[in-house]
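[1] sequence and computational prediction follow.
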Amino acid sequence: MPWIDKNRCDGCEICIEECPVGAIFMIEGKAEIDMENCIRCGTCHKICPQNASRHDSEKIPEEIEENINWVKNLLAHYETEKEREAFLKRIKKHFQKEIKVNEKTLEKIEDLL
Ligand code: SF4
Ligand code: SF4
C-alpha cells in the first residue's frame, strides 16, 4: 500500500490530478492517501517528482517495532516467569495465525488469475 513521505512531498498536487480514483487529497500542503479508496494502481509511485509516494515494504521495520512494543506492554501485566512464558506462547500463536492467514490468502490470490 502506498504512503506519502511528508518530508519529501512539496505539495505540487500532480498525484491528485493523476490518481484515477481521486484517493489523494491535501492536508496542510502535503498529499495524503485515502486508503479506503486507493485501488493500489501504483500511479502515484511513478509520477511523483519528489519520490514522495513510498512503498509499504519500507514500513516493515516500523511495524515490527510496533508489534514488539505491543507485546512488551502486554507482557508487563504478568509477574511470574511461568505466567510470562505462557503469555509469550499465546502471543506467538497469534502471530503464527497471521502467517497462516497471509499464506492462505496468497494461495487464493493465485486462483484469481
Ligand atoms: S506528486 Fe509527490 S510531491 Fe507532488 S503532491 Fe503528490 S506526493 Fe507530493
Ligand atoms: S496507488 Fe493509485 S489509486 Fe492509490 S493513491 Fe496512488 S494513484 Fe491513487
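    Happy to help now that I have it. Residues are numbered from 1 along each chain as shown. Ligands and ions are numbered 1, 2, ... in the order given.
[2] you'd agree Ile24 is up against Cys44?
    Yes. In terms of C-beta atoms under 8 Å, Ile24 counts as a neighbour of Cys44; the distance is 6.6 Å. Glycine gets a C-beta too; all of them are placed from N, C-alpha and C.
[3] low-confidence stretches in the protein?
    The chain contains no residues with pLDDT under 70.
[4] common neighbours of Ile24 and Cys44, please.
    15, 31, 33 (C-beta atoms under 8 Å, 6 or more residues apart in numbering).
[5] mind checking which of those land in helices?
    Among the shared contacts of Ile24 and Cys44, the residues falling in helices (DSSP state H) are Cys15.
[6] which of the shared contacts of Ile24 and Cys44 are close to ligand 1?
    15, 31 (C-beta under 6 Å from any ligand atom).
[7] care to break this structure down by domain?
    Annotated domains of the chain cover 3-54, 59-112 [automatic domain parsing].
[8] how about the residues of this protein near ligand 1?
    So the chain meets ligand 1 at 4, 9-15, 31, 48, 50, 52-53 (C-beta under 6 Å from any ligand atom).
[9] which SS class is Glu66?
    Under DSSP: H, G, I helix; E, B strand; the rest coil, Glu66 falls in the helix class.
[10] I'd like the residues of the chain next to ligand 1 as JSON lines, with neighbour count, distance to ligand 2 and secondary structure appended.
    What follows is these, written out as JSON lines (neighbours: other C-beta atoms under 10 Å; distance: C-beta to the nearest ligand atom, whole Å; DSSP: H, G, I helix; E, B strand; the rest coil):
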{"residue": "Ile4", "neighbour count": "20", "distance to ligand 2": "9", "secondary structure": "strand"}
{"residue": "Cys9", "neighbour count": "20", "distance to ligand 2": "13", "secondary structure": "coil"}
{"residue": "Asp10", "neighbour count": "13", "distance to ligand 2": "17", "secondary structure": "coil"}
{"residue": "Gly11", "neighbour count": "15", "distance to ligand 2": "16", "secondary structure": "coil"}
{"residue": "Cys12", "neighbour count": "13", "distance to ligand 2": "14", "secondary structure": "coil"}
{"residue": "Glu13", "neighbour count": "14", "distance to ligand 2": "13", "secondary structure": "coil"}
{"residue": "Ile14", "neighbour count": "16", "distance to ligand 2": "10", "secondary structure": "helix"}
{"residue": "Cys15", "neighbour count": "25", "distance to ligand 2": "6", "secondary structure": "helix"}
{"residue": "Ala31", "neighbour count": "26", "distance to ligand 2": "9", "secondary structure": "strand"}
{"residue": "Cys48", "neighbour count": "22", "distance to ligand 2": "9", "secondary structure": "coil"}
{"residue": "Gln50", "neighbour count": "16", "distance to ligand 2": "14", "secondary structure": "coil"}
{"residue": "Ala52", "neighbour count": "22", "distance to ligand 2": "11", "secondary structure": "coil"}
{"residue": "Ser53", "neighbour count": "23", "distance to ligand 2": "6", "secondary structure": "strand"}
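[11] done for today, thanks.
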